[in-house]
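> predicted model and sequence follow; I will ask about them next.
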Amino acid sequence: MSAVYPPAGLAFLYFFGMAIVLYAVLVGKSWREPVLLFAFYSGLILVAYYINYITFPSFYGFTSAGIAGTDDSFFYSLVASSLPSDFPTREFYHTRTHPYELLMEWGTPFTIEHPFEILFFNAVGAVFIPVFSRSLAQVVTKDERVARLTFWLVALCPFLMNHSIILVRDGWTAALFAGSLAFLLRGKFVRSAVLGAVLFFLRVASGLQLVLVAGIMSLLFLRRLESRREQLLYLGGAAALGIVALTFAFPILIAKAKAVADGQLIALLYRETFLEVLSSDSFLATVNQQPVPIRIPTAFLFFLSFPFFAPETAIAQGEFVWRGFLNCIYSVAFVFYFKFLVQGIIRGIRGRSYIARLLVIATVLVVTLLSQASMQLRHKAMIMPLIYLITAYGYYHSSKIGREIGCISLFCIAIINILKFTFGV
């Protein structure tokens with residue numbers, strides 16, 4: 001990095017130090033884990049950047065939404081102090097502001113003149129996705145085996161890597177979501193509220209999903225605590241999460257309220273603009289044209305199972321696209337994960353663990369809402385910690401009927417991927 005652009009080494013050290021300090025404040029005093037995780041994700045960032053630079057040099061190491069479906073070049077145009085005259089960005093995009101841009105600027109006390117000075121900001125967020133996911137698994141299952149497996153599934157997830165490196169915000173939303181929920185269940189309401197506030201600021205819809213899940217999980221306090229005083233204390237803390245988060249996110253909420261007043265409520269919650277660019281014969285467009293009794297379960301399964309195996313996405317304009325390649329790896333792995341995910345859902349619903357049941361219910365509701373309202377499949381990244389937690393839970397805790405239904409589910413999703421690959425449905 002320093003050989004390419006000398007100040008980049010200092011920027012790297014700055015974000016490395018930020019990861020260590022945040023880990024010490026939020027997690028513990030261990031230094032080895034954040035060092036190894038930061039090094040791992042930083043390495044992935046460098047590999048992705050140079051693949052982009054070699055395959056599509058006109059994008060200066062970033063990817064275009066038209067090629068790989070990301071906005072990283074656009075986000076860089078917002079934070080950079082200056083841009084080359086031929087840098088690819090949207091018309092007048094540099095005159096706008098975005099919460100993700102503001103978060104990067106607030107966390108970067110130096111002028112951004114080269115991509116290497118800001119790329120590793122996302123490595124900081126990526127460090128905490130598996131860490132917070134493990135913490136959440138520990139408090140939900142009280143099983144260290146489940147917590148460890150959740151950590152590794154999240155840390156090595158190709159789908160999360162796709163949305164956690166270079167300049168996209170979905171990795172940060174996943175870390176903030178899992179961290180806020182884990183702190184809430186541990187009774188650390190101040191930390192939960194702070195992370196929730198940042199999540200609200202980054203994306204209001206994600207903050208609302210956090211409040212939904214937190215509200216459902218708060219029912220645990222009524223069941224687990226015998227003292228009325230303790231119940232009121234914990235429920236009051238859960239309420240504080242929402243209040244503080246909403247307070248910190250007030251400016252952007254006002255902006256969204258103005259959008260609603262201007263008649264943009266549908267565009268805010270339901271991405272009509274996304275549907276407009278879909279091919280009329282695409283599966284997603286077909287699903288969303290069906291009656292409600294068919295659309296809701298079909299869209300739920302589609303959103304939960306996406307992406308499917310589509311090797312053609314790994315090539316664009318005759319060049320290798322690493323994002324499509326990672327999605328292919330994930331789609332194959334998820335065929336096998338799906339069995340244990342189904343086992344975990346069944347075990348959570350039928351088992352004796354009240355907190356596991358609440359988590360499964362909350363996850364199903366959020367996936368259902370996302371499949372109906374978001375239409376942006378990358379938003380699935382935020383709830384991947386929940387999906388992997390249930391998957392790890394199903395791996396270690398399952399019933400006979402769960403294993404039988406899980407095997408059937410594995411066979412069905414394998415057939416769907418084969419049909420998608422063979423006929424391009």
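Done, it's in.
> residues contacting residue 387?
Going by Cβ atoms under 8 Å, 6 or more residues apart in numbering, residue 387 touches 304, 341, 363. Where C-beta positions appear, they are placed from N, C-alpha and C, glycine not excepted.
> and the spatially closest residue to the second one that is not a sequence neighbour, how many residues sit next to it?
Meaning residue 341. If the residues on either side of it in the chain are set aside, residue 341 comes closest to residue 391, at 4.5 Å by Cβ to Cβ, 6 or more residues apart in numbering. Residue 391 is flanked by 25 other residues according to other Cβ atoms under 10 Å.
> my guess is residue 391 meets residue 153, correct?
Yes. The pair residue 391 / residue 153 is scored as a contact, 6.5 Å apart, by Cβ atoms under 8 Å.
> find the residues that touch each one of the two.
Shared contacts of residue 391 and residue 153, counting by Cβ under 8 Å, 6+ apart, come down to residue 337.
> nearest spatial neighbour of residue 97, skipping sequence neighbours?
Nearest residue to residue 97 in three dimensions, chain neighbours excluded: residue 78, at 7.3 Å (Cβ to Cβ, 6+ apart).
> pretty sure the one you found sits against residue 90.
No. Here residue 78 lies out of contact with residue 90, judged by Cβ under 8 Å, at a distance of 10.4 Å.
> which one's more surrounded, the two?
Neighbours around residue 78 and residue 90, counted as other Cβ under 10 Å, are more numerous at residue 78. The numbers are 21 against 12.
> those helices in the stretch 151-300 of the chain, which residues are they?
Ranges of helices within the stretch 151-300 of the chain are 158-162, 170-185, 189-202, 204-224, 228-248, 250-261, 265-269, 272-276, 283-287, 292-305, based on DSSP state H, counting those that start in this stretch.
> need the contact partners of the last one.
Spelled out, that is helix 292-305. Outside helix 292-305, the residues touching it (Cβ under 8 Å, 6+ apart) are 283-284, 287-290, 334, 338, 364, 367-368, 370-372, 377, 380, 387, 413, 416.
> which parts of the protein are strands?
315-316, 319-320 (DSSP state E).
> around the closest residue to residue 323 other than its chain neighbours, count how many other residues there are.
In this structure, residue 323 finds its nearest non-sequential neighbour in residue 68, 4.6 Å apart by Cβ to Cβ, 6+ apart. Using other Cβ under 10 Å, residue 68 has 21 other residues around it.
> list the contacts of stretch 146-162.
37, 40, 44, 129-131, 133-138, 141, 171, 174, 307, 323, 326-327, 329-330, 333, 337, 378, 380-381, 384-385, 388-389, 391-393, 395-397.
> list buried residues within those residues.
37, 44, 129-131, 133-138, 141, 171, 174, 307, 323, 326-327, 330, 337, 378, 380-381, 384-385, 388-389, 391-393, 395, 397 (16 or more other Cβ atoms under 10 Å).
> helices and strands of this protein: which one bottoms out on pLDDT?
Least confident helix or strand, the chain: helix 265-269 with a mean of 44, by mean pLDDT, DSSP states H and E.
> which one is residue 164 nearest to, not counting chain neighbours?
Per Cβ to Cβ, 6+ apart, closest to residue 164 is residue 171, 2.8 Å.
> run through the residues that contact the closest residue to residue 325 other than its chain neighbours.
Distances taken as Cβ to Cβ, 6+ apart put residue 314 closest to residue 325, at 4.3 Å, once the chain neighbours are dropped. Neighbour list for residue 314: 320, 321, 322, 324, 325, 328 [criterion: Cβ under 8 Å, 6+ apart].
> for the fourth one, give its distance to residue 398.
Spelled out, that is residue 324. For residue 324, the distance to residue 398 equals 33 Å [Cβ to Cβ, to the nearest Å].
> run through the protein and note the low-pLDDT ranges.
1-5, 65, 69, 91-95, 221-285, 374-375, 423-425 (pLDDT under 70).
> for the lengthiest helix in the chain, packing partners?
In the chain, taking DSSP state H as the definition, the longest helix is helix 322-350. With contacts defined as 3 or more Cβ pairs under 8 Å, 6 or more residues apart in numbering; DSSP states H and E, helix 322-350 has these neighbours: helix 32-55, helix 158-162, helix 354-373, helix 384-396, helix 400-423.
> got the end-to-end distance for stretch 344-363?
12 Å (Cα to Cα, to the nearest Å).
> buried ones in that stretch?
Buried-residue list, stretch 344-363, by 16+ other Cβ under 10 Å: 344-348, 351, 353, 355-363.
> quick one, what contacts residue 220?
185, 354, 355, 358.
> distance of the last one from residue 376?
So the one you mean is residue 358. 26 Å.
> for stretch 398-414, what is the distance to the chain centroid?
Computed by Cα atoms, centre = their mean, to the nearest Å, the separation of stretch 398-414 from the middle of its chain amounts to 26 Å.
> what's the answer for stretch 116-134, then?
12 Å.
> go on, stretch 122-136?
11 Å.
> what angle do the longest helix of the chain and helix 354-373 make?
Here helix 322-350 points in a direction 130 degrees away from that of helix 354-373 (axes from the mean of the first three to the mean of the last three Cα atoms, to 10 degrees).
> report the angle between helix 322-350 and helix 384-396.
Helix 322-350 and helix 384-396 are oriented at 60 degrees to each other (the same axes, to 10 degrees).
> what angle sits between helix 322-350 and helix 32-55?
Using the same axes, to 10 degrees: helix 322-350 against helix 32-55 is 140 degrees.
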